[in-house]
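Participant: Task: produce atomic coordinates for the following.
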Amino acid sequence: MNQNIEKALNAQIGFELYSAYLYMAMTSYLKSINLNGFAHWMEIQTKEELAHALKLFNYVTERGGSVVFETLKKPRNKWESPTEVFKDALEHEQIVTSKIHEIVDLALKEKDHTTNAHMQWYLNEQVEEESNVLGIYQQLKFADNSPQALLMFDRELAQRVFVDPNAATAAGQNKIN
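Facilitator: Purely as a prediction, here's the structure:
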């Protein structure tokens, strides 16, 4: 594996793990104010970020690269409201998107077509990530932290279900073998 690509993918694995760490902090805050549906939504988000890190981890190791883990920075752990939580989540997802773009740019520069192809999944995933968070954030802004609206959102967000992207990949690999 190209060393520049390996280094960039290692950094992204770390950032995906940090994302999970951040969403766990958001989960804790939301639980502390008894918005368990919101907390559940963030728990699913945490699982997704861990799955993204694992997907990259597997890709690096399958290509013969080495994964190096760095220390994760401490995430914020207090917010003023659920609206502020989702504002931060949106800003974070926009940073994730920019980092994915940087890896795709690097893969193209290094003519690593395999990494470019692998990262296309992440580009598409980020469109969904940003759209989901933006929708919730805009609705929360519109509701202006109304207790009635928060309770309604809480029930709605409690319905989110985790779909592991690695399970689909593993199932596809099992069919080939």
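Participant: For residue 159, what are phi and psi?
Facilitator: Taking degrees, to the nearest 10, you get phi -90, psi -10 for the backbone angles of residue 159.
Participant: Return the residues in contact with it.
Facilitator: Applying C-beta atoms under 8 Å, 6 or more residues apart in numbering, we find residue 159 in contact with residue 37. The C-beta positions use only the backbone N, C-alpha and C, and glycine is treated the same way.
Participant: For the residue most central in space within the chain, pull up the helix or strand it's in.
Facilitator: In the chain, the centroid-proximal residue (C-alpha atoms, centre = their mean) is residue 49; its distance is 3.9 Å. Element membership for residue 49 (DSSP states H and E) is helix 36-62.
Participant: After that helix, heading C-terminal, what element do we hit next?
Facilitator: Counting by DSSP H and E, what follows helix 36-62 is helix 82-109.
Participant: and the angle from that next one to helix 36-62?
Facilitator: Helix 82-109 runs at 20 degrees relative to helix 36-62, counting by axes from the mean of the first three to the mean of the last three C-alpha atoms, to 10 degrees.
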